[in-house]
Structure formats: structure tokens, C-alpha cells
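Participant: whatever this is, show me its structure:
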Amino acid sequence: NSYFTTCNSLMALQIKDLLKTIFLVLQPRGNQKHYASFIITRVIMGPALFLHHFWSSGATLSLPIEFVRLVSKQMNWHLELASNGKLLAVVQDQTIEIRSAKDEFGSVIGKCQVPKDPNPQWRCVAWSHDCTLLAYGESTGTVRVFDLVGSELFLIQPVTSFPGDLTYAIAGLIFLEYKASAQWSAELLVINYRGELKSYLVSVGTNQSYQESHVFNFSKHYINGITGVIYHPAHRVLIIGGYEMDDDGAGMSKASSCGLSIWRVLSGAPYYKQVTSYEDDVGIVKKSSLFKIFHPSFYNRQGREKDGVFKMRFSPDNTRLAVIHFSGKLTIWSIPSLKQLREWKQSEQPGYDDIKLEWKLSLEKRKKIKGWCSNLNIVFDEEPWWRSG
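Facilitator: Next comes the predicted model:
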């Protein structure tokens, strides 16, 4: 209600400003032609700019229905293997088990206690680069950091969050090495589905603490929010996934049109810089013109079902990126250029029709499908699959 009250107030101000402009134009003046041109501009641009504000406002942000459906079909539990391959985090309903590879992950060396989450499929977990810290993100946007024995070191709560609003859930938790000061052990990036990033410096040991370092927002590039983020340590870049984007005749790159973008991590302000192609640079100029506002897709895109990025995974040698889209399409991209190498629509993939329409009516089959959806990461990690491409 408060949001629509704000919208009504903005519209009232637009009308009031427009009437004031008309009154000024009707006054006797020397240059009526100038004022006539001015009033025409205000009459045309006023409603368009208001609609632009309405659609791009963060208050109207909602995640793609297809994306929400896919995430909600995943298993409640999560598995995350540390980069050294020696530790495994098993996220359960109200505990996180830290298991060691010494006996094929049979022994539990640490157990973290976490509150019951209303949307457990929307949780995430990440290891630090040195495998000594474990970060856990809740669907509410709250982040907890644990050590290897399961002790909670930090509790980072979001400034803003609304119950049931999954846009505040954590899309990505990323630990970065921090060498600028010996005071801090690591840098933790927390990115929610709204595209809001917060960086925290964390310190463990005798001076155990954390502090906010900087904030960044990807919403200018992803006005409908993001659907995922992945970090490439060798190139120090973030790859962001989201909605596919309308070309609108602007001529953007293939990656951008599919909802992918790559951002270089900088040591200082502005902290992140988008790596663009020539097509993207030309597209940015075209999309900033009036053509963007008056293009039919500007008004029709809200109710139209779009494709987008669902899952991303690097190849074992970190030179390629596999992406699964909402539609079931699978694409392969080179890193760090983000040039598309291969693409398979769902109908072109072997065994795609094994999941039959009538299976959706069977509870047993639906459970099997749900399990398949959760095993995407396992498929991505199979070395022979990459070699065969």
C-alpha cells in the first residue's frame, strides 16, 4: 500500500508540474516557439519517465516465476566440497556437518547449529580460500560464519528484509584473499538476488571481528535482479547471471542477451568494472536514447515469459563455463572472453524426453525428477563429459 501511495504521489507531482508548465506557456512571452517545444517535450516524456520509474523501481522487483519454480524443486540439503578436496559441508535442516576426507567423508569433525529456514532450498554455503572458514546464507539474507569445529564466529544480518521476499535471499557467498592489511584474514562478498553486494573484512583469532568494506549494486545492469553469481580466482572476475535481455535493435553481445556479464574485481573504488565487448559498448549507447523508452518491448516486457540463467559451473580446468537456462537449454562459454562455444536446446539433448509429461501426475516420478534437478552440479563435475564436447 505504501508503495502505491508513493506512486500516486509521484503521478500527482507529474500532473502538477505539467499544469504549471502549461500555465507558463500560456503567458505572453517573446519566444512562444521555444515554450511550445518545451511543453511538447514535457507532455511526451513525463508519462514515459514515470513508467520507467515504476518498472525499474526496486519495490516492484520480483524473481522470474520459472526460476523460483526450479529452485523450489531442489533438495533441502546442500553439499559443498572445499577447494582442497579434503573437507565437505553437509547442510541439513538445522545443522551443518563438516566432514573429513580421511575416511571417505565418514567422520564428522564439526557440527554447526543453524535455525530452521522457511525456504531451505534458497540457502547457500561457501568455503574460504584457505578452507578454514565456512559461510552460510539463509533465505532471509542472514549470513553466519563458522570455524571448522562448528563454532559461530560472526552473525551478519541484512539491513532490510521482508518475510517471504526471496529477493533478499543470498545468491552468492564468495571468499576472496585479502592482502592489503595483516589485520584481516579474508574478504567476504555477500550478494543477494536483488543484485546488492556487500563486502565484509573478517578477522579470526585473537582479534576476531568483521567490518563492512564497501557496497555495490548490479541493478543498473540487471533491473529485474540476478539469478546467480560465480567467481573465477585466476582471472579475479565475477560472472553474473540473470534474465535474458531484449536486444531492442541495439546489437548487444550474445552473452549479454543471454543474461551473462563479467565483472573485474578491482582493489579500490569503484571495486567492480564490467568487461564489455564492442557490441555491448554500442548497445549501451543505443539503449540510453529515446529509442529505448518508446520501443514496444519497453512496455511489454513485464508480462512476457523470458529465459534466463539457472545454474553456472566451471569446467575442471576453469577455461569453460557451462550454463543451464530456465528453458533447459545448455550453453558452453569460453573464459574469460565469454564467447559462446556450443549450444544445445532441450530438445537436442540426449534423453531429454525421458521425463514425460504424464510423470508429473505421479508422486514417485516427481520425486525422481526433483532429485535429477538437484544433481546438476554432479553432471557438471564429470571430467569425461567435458572432454566429449
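Participant: avg pLDDT for stretch 73-81?
Facilitator: On average, the pLDDT along stretch 73-81 is 91.
Participant: apologies, that question was intended for stretch 141-148.
Facilitator: The average pLDDT for stretch 141-148 rounds to 96.
Participant: hmm, residue 152 is touching residue 110, no?
Facilitator: No: under the criterion of C-beta atoms under 8 Å, residue 152 is not in contact with residue 110, lying 11.3 Å apart. Any C-beta I mention is one placed from the backbone N, CA and C, and that applies to glycine too.
Participant: neighbour count winner among those two?
Facilitator: Taking other C-beta atoms under 10 Å, residue 152 and residue 110 do not tie; residue 110 has more neighbours (18 against 13).
Participant: could you check how far residue 276 is from residue 260?
Facilitator: Applying C-beta to C-beta, to the nearest Å, the value for residue 276 to residue 260 is 12 Å.
Participant: again, but for residue 169
Facilitator: Applying C-beta to C-beta, the value for residue 169 to residue 260 is 21 Å.
Participant: for residue 92, give me its contacts.
Facilitator: By C-beta atoms under 8 Å, 6 or more residues apart in numbering, residue 92 lies in contact with residue 77.
Participant: tell me the spacing between it and residue 77.
Facilitator: 6 Å.
Participant: for the nearest residue to residue 236 once chain neighbours are set aside, phi and psi?
Facilitator: Among residues not flanking residue 236 along the chain, residue 265 sits closest, at 4.7 Å (C-beta to C-beta, 6 or more residues apart in numbering). Main-chain dihedrals, residue 265, degrees, to the nearest 10: phi -90, psi 120.
Participant: same deal with residue 168?
Facilitator: With angles defined as degrees, to the nearest 10, residue 168 sits at phi -90, psi 0.
Participant: do residue 254 as well
Facilitator: The phi/psi pair for residue 254 (degrees, to the nearest 10) reads phi -60, psi -40.
Participant: number of nearby residues for the closest residue to it other than its chain neighbours?
Facilitator: Leaving aside its chain neighbours, residue 254 sits nearest to residue 340 (5.0 Å; criterion: C-beta to C-beta, 6+ apart). By other C-beta under 10 Å, 17 other residues sit near residue 340.
Participant: quick check: residue 340 touching residue 253?
Facilitator: No: using C-beta under 8 Å, residue 340 is not in contact with residue 253, being 9.2 Å away.
Participant: start to end distance for stretch 105-121?
Facilitator: With C-alpha to C-alpha, to the nearest Å applied, stretch 105-121 spans 23 Å between its terminal residues.
Participant: could you give me the average pLDDT of it?
Facilitator: Here the average pLDDT along stretch 105-121 is 95.
Participant: repeat for stretch 239-257
Facilitator: Throughout stretch 239-257, pLDDT has a mean value of 80.
Participant: what residues go with each domain of this protein?
Facilitator: Split into domains by the TED database, the chain comes to 1-18+62-217, 228-286+305-388.
Participant: mean pLDDT for the ones you listed: which is lowest?
Facilitator: domain 228-286+305-388 - the lowest mean pLDDT of those, at a mean of 77.
Participant: what's around residue 342, how many residues?
Facilitator: Residues near residue 342, counting by other C-beta under 10 Å, number 11.
Participant: in three-state terms, label it for me.
Facilitator: When classified by DSSP: H, G, I helix; E, B strand; the rest coil, residue 342 comes out as strand.
Participant: and the gap between it and residue 336?
Facilitator: Note on residue 342: its distance to residue 336, by C-beta to C-beta, is 18 Å.
Participant: contacts only, for the closest residue in space to residue 133 that isn't next to it in sequence.
Facilitator: In this structure, residue 133 finds its nearest non-sequential neighbour in residue 145, 5.9 Å apart by C-beta to C-beta, 6+ apart. Applying C-beta under 8 Å, 6+ apart to residue 145 gives the contacts 133-136, 152-154, 156, 188, 202, 210.
Participant: the same query, at a cut-off of 10 Å, please.
Facilitator: Applying C-beta atoms under 10 Å, 6 or more residues apart in numbering to residue 145 gives the contacts 112, 126, 128, 133-136, 151-156, 173, 175, 186, 188, 200, 202, 204, 210.
Participant: hang on, isn't residue 125 packed against residue 79?
Facilitator: Yes: contact between residue 125 and residue 79 holds when scored by C-beta atoms under 10 Å: they sit 8.8 Å apart.
Participant: where's residue 122 relative to residue 158, distance?
Facilitator: In terms of C-beta to C-beta, residue 122 sits 14 Å off from residue 158.
Participant: ok, the two, which is more surrounded?
Facilitator: residue 122 (21 against 17).
Participant: was I right about the more buried one contacting residue 139?
Facilitator: Yes: contact criterion C-beta under 10 Å: residue 122 and residue 139 qualify, at 3.8 Å.
Participant: joint contacts of those two?
Facilitator: 166, 168-170.
Participant: tell me the contacts of the residue nearest to residue 148 when sequence neighbours are not counted?
Facilitator: Once flanking residues are discounted, residue 148 sits nearest to residue 110: 5.2 Å by C-beta to C-beta, 6+ apart. Going by C-beta under 10 Å, 6+ apart, residue 110 touches 87, 89, 96-100, 134, 146-151.
Participant: can you check residue 341 too?
Facilitator: Counting by C-beta under 10 Å, 6+ apart, residue 341 touches 320-321, 331-334, 389.
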